[in-house]
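Student: Next one to model:
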Amino acid sequence: MALLANRRRETCMARNPYRPFEPKAEQMSLMPDISGNAINGLGESEHRRAAPIYWHDPDTLAHGELQKWFYTQHPDDRHIIKAREDRAEILAIEVPPVTGEPLQQSADEWTRQLRAHVATLDMELFGITAFRPEWAFEGAEISQEWIIVIGVAHDYERLKEAPALSAGAEVVRQYGRGTKAAKDIATWIRLRGWDAVPHGGPMAGPVLLIPPAIECGFGELGKHGSIINKEYGSSFRLASVLTDIPLLPTEKETYGVDDFCSRCQVCANACPPEAILPEKTMVRGDRKWYVDFDKCIPFFNETAGCGICIAVCPWSIPGRGARIIEQLKRRQAKRAG
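Tutor: Next up, the predicted model:
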């Protein structure tokens, strides 16, 4: 079995143009003594909040120098420059203060009106769920009752060029679009007298986004560590709004991603640093799919965000998700019969 596994690995390396990957010595000199996997809680059987590791204030992070180094790469690429300039303009947009006393309506009516407003915005996915304390990073205290999650889809034709810099620029563009949508929703809520705090990527803010996105119906966690949505696969980015306005939650959805990912090796075979674990493992008390941070981040940094794993995911190919779901349903029916 070990010999067969080694042969398969050698075959994958021969087919993958980015293997073997050797990170730049300049970057590796910035790697801290502590493993990013230890910070993430890999192998821990007890539940705890996630600790900030990346996309927070770099001066407070063990891997902060690596995060700073990321922004020194590809300084002359026009795609990256333009995407970051556009995002900076969005970040500069101010959200107005809360106006007057909170308007009173039922949660059902607020949800209906919010949905109508969201339909006018530039975004693809929208969900609501009650906020859970365990979704806050260590040291963050969240007072709001609800989290609204936003999903903005990539242009797949650009994303599939990953790890080309044009794909990295596409990711930056969508983070900007998600931030704009979050600010638009927060503005709408604040003008009705309720508090609302927007958060957009890539900076992580005070809360994890994948768990609430799963809870409010965006999809299920895939082997590559990202959500798999039935329509967009993993080809989208997240943003959020924390608020106290009375709302109703959207429904969680499952469609057999675990079954699919346990059999599929596409993302793992495509990953240049071989960072995607083949099986679920314990992470902060939960058994889940996991990507080795220490292996992933060097290639990620050198390619302006990589994106290979979500680009090659079969679910991310436009129009493929519905067919996969039907295949999974037939498989489940065959097992039941």
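Student: gap between the two ends of stretch 229-246?
Tutor: Separation of the first and last residues of stretch 229-246 by CA to CA, to the nearest Å is 27 Å.
Student: For it, what does the pLDDT average out to?
Tutor: Per-residue pLDDT over stretch 229-246 has a mean of 98.
Student: Next: stretch 95-106.
Tutor: Stretch 95-106 comes out at a mean pLDDT of 97.
Student: ok, and for that stretch, which residues are buried?
Tutor: residue 95 (16 or more other CB atoms under 10 Å). (C-beta placed from N, C-alpha, C; glycine too.)
Student: Pull the residues that contact that stretch.
Tutor: Identification of contacts with stretch 95-106 by CB atoms under 8 Å, 6 or more residues apart in numbering yields 113, 183, 186-187, 190-196, 198, 245-246.
Student: and with 7 Å instead?
Tutor: By CB atoms under 7 Å, 6 or more residues apart in numbering, the surrounding residues in contact with stretch 95-106 are 183, 186-187, 190-195, 198.
Student: Selection in PyMOL covering whichever of those are buried, please.
Tutor: To isolate the buried ones among these in PyMOL, judged by 16+ other CB under 10 Å, type:
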select buried, resi 183+186+187+190+192+194+195+198
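Student: Sort out which of the contacts of stretch 95-106 are in strands and list them.
Tutor: Residues from those lying in strands, with DSSP state E as the criterion: residue 198.
Student: Save the contacts of stretch 95-106 as TSV, and put in pLDDT and distance to residue 304 too.
Tutor: Shown next, in TSV, are the contacts of stretch 95-106 (pLDDT from 0 to 100; distance: CB to CB, whole Å):
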residue	pLDDT	distance to residue 304
183	98	25
186	98	29
187	98	31
190	98	34
191	98	37
192	98	39
193	98	42
194	98	38
195	97	35
198	98	25
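Student: how about the contacts of stretch 95-106, which pair is most distant?
Tutor: 183 and 193 (17.7 Å; CB to CB).
Student: which one's the longest helix in the protein?
Tutor: Longest helix of the chain, by residue count under DSSP state H: helix 165-190.
Student: which strands and helices sit next to that helix?
Tutor: The contact analysis (3 or more CB pairs under 7 Å, 6 or more residues apart in numbering; DSSP states H and E) places helix 165-190 against helix 78-91, strand 146-153, helix 156-159, strand 196-200, strand 236-243.
Student: How far does it sit from its chain's centre?
Tutor: Put simply, helix 165-190 sits 13 Å off its chain's centre (CA atoms, centre = their mean, to the nearest Å).
Student: Specify the angle between it and strand 146-153 in degrees.
Tutor: When axes from the mean of the first three to the mean of the last three CA atoms, to 10 degrees is applied, the directions of helix 165-190 and strand 146-153 differ by 150 degrees.
Student: which stretches of this structure have low pLDDT?
Tutor: 1-14 (pLDDT under 70).
Student: Quick one: the helices in it, in order.
Tutor: Under DSSP H, the chain gives helices at 2-15, 25-28, 36-40, 64-70, 78-91, 107-118, 156-159, 165-190, 210-215, 257-263, 266-270, 293-302, 308-312, 320-336.
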